[in-house]
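1. predicted model follows, preceded by the sequence.
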Amino acid sequence: MTSKVTFIGAGNMASAIFGGMIDGGYPADAITATSPNDDALVQLRDRYGIHASSDNNAAVAEANVVVLAVKPDIMRDVCLDLRDSIQARQPLIVSVAAGLTADTLDEWLGGGLPIIRCMPNTPSLVGAGASGLYANPRVSDDQRQLTTTLLEAIGLVEWVDDEALLEAVTAISGSGPAYFFLMFEALIEAGKQLGLPADSAHRLALQTGFGAAKMAQQSEHDPARLKRNVMSPGGTTERAIHVLEDGGLRELFENATQACAARARELSEEIGEKR
Ligand SMILES: NC(=O)C1=CN([C@@H]2O[C@H](COP(=O)(O)OP(=O)(O)OC[C@H]3O[C@@H](n4cnc5c(N)ncnc54)[C@H](OP(=O)(O)O)[C@@H]3O)[C@@H](O)[C@H]2O)C=CC1
Ligand SMILES: O=C(O)[C@@H]1CCC=N1
């Protein structure tokens, strides 16, 4: 039987997930999403053909899976309001909110629930996302499998056994798209400085990033070997790579990801203190 999935909040992340599910053949009739905004409700019905409601409690009444997809700062109020309905139903809870631990969500929802935390990223909006997932001990193997299937609709899924590792996932893939966008900005600017028209530099830089990622995914060789393959001895790439290595690019990435993971921990603690 198809699981009924309800999304609380129908913004960027939620619409990426249910949009991907529908594109992958999941029946729209088994999906409900909620929004406080009347125009958004009309759009959800017209564009996706899913059920739409402004009543969070009514929307979870028959759900097997409830995806919490509102911003972290309003999550506490949303969960407290849903507590009785969730306890009556005991569905699988999947949260995409950054920084809120499974224990915190469980406490707000009344306790004893199977909870999966997910850290997605924005390329999910184009079906090329990467999500890190953690399940608390109450989640069954079937629920893990179901969640893998749902989230594979928007890209790659990686499970972690230790919830704290979601901070590392945030540092690599959650925030990671921004590192590559920065690299594109820098390459485009460099191309312009070397005399290329801006639109040519833009197209060449983006296609090169796309091609390198696609090649690395499809190749039997690791990125270090693929890099060496581009570096003809005494050639042009070797010069450029030496400049990047001597300039400390590896250390910069190490420091940046450490700072990111530390901030993820801090945010989690800040939210915890406000409880
Ligand atoms: N953006 C990113 O890169 C990432 C985001 N996330 C997480 O995803 C979650 C959602 O983020 P995102 O999709 O970007 O945010 P959005 O603002 O796009 O979506 C949140 C939605 O929740 C709706 N909403 C507000 N109040 C309620 C309510 N009481 N009941 C139901 N819906 C409500 C909002 O409606 P309205 O706008 O009308 O108020 C809005 O459409 C966040 O918790 C964030 O931490 C996780 C990883 C990466
Ligand atoms: O920057 C942030 O805090 C969020 C979490 C991951 C991506 N964006």
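-> Good, I have the coordinates. Ligands and ions are numbered 1, 2, ... in the order given.
2. residue ranges with poor pLDDT in the stretch 101-250 of the chain?
-> Of all residues in the stretch 101-250 of the chain, none has pLDDT under 70.
3. state the pLDDT value of residue 275.
-> pLDDT recorded at residue 275 is 59.
4. and the helices in this protein, which stretches?
-> Here the chain has its helices, by DSSP state H, at 12-23, 38-43, 56-60, 72-89, 102-108, 141-152, 165-169, 176-193, 198-218, 223-230, 236-246, 249-274.
5. give me the contact list for the third one.
-> The one in question is helix 56-60. 6, 8, 32-34, 51, 53, 66, 78, 81-82, 84-86, 89, 91 (CB atoms under 8 Å, 6 or more residues apart in numbering). For every residue, glycine as well, the C-beta is placed using N, CA and C.
6. buried residues in it?
-> Across helix 56-60, burial judged by 16 or more other CB atoms under 10 Å covers 56, 59, 60.
7. swap in the last one?
-> Neighbour-count burial for helix 249-274, with 16+ other CB under 10 Å as criterion, is recorded at 257, 260, 261, 264, 267, 268, 271.
8. and stretch 49-57, by the same measure?
-> Buried residues in stretch 49-57 (16+ other CB under 10 Å): 50, 51, 52, 53, 56.
9. alongside ligand 1, which residues does the stretch 151-275 of the chain contribute?
-> The stretch 151-275 of the chain comes close to ligand 1 at residues residue 174, as judged by CB under 6 Å from any ligand atom.
10. give the burial count for the closest residue to ligand 2 within the stretch 101-250 of the chain, as a bare number.
-> Nearest residue of the stretch 101-250 of the chain to ligand 2 (CB to the nearest ligand atom) works out as residue 174 at 3.6 Å. For residue 174, the neighbour count with other CB atoms under 10 Å is 22.
11. and the longest strand for this protein?
-> Criterion DSSP state E: the longest strand present in the chain is strand 129-135.
12. ok and that strand relative to helix 141-152, angle-wise?
-> With axes from the mean of the first three to the mean of the last three CA atoms, to 10 degrees applied, the angle from strand 129-135 to helix 141-152 works out at 160 degrees.
13. in its sheet, what does strand 129-135 sit against?
-> Neighbouring strands of strand 129-135 in its sheet, by DSSP bridges, are strand 115-119 (antiparallel), strand 155-159 (parallel).
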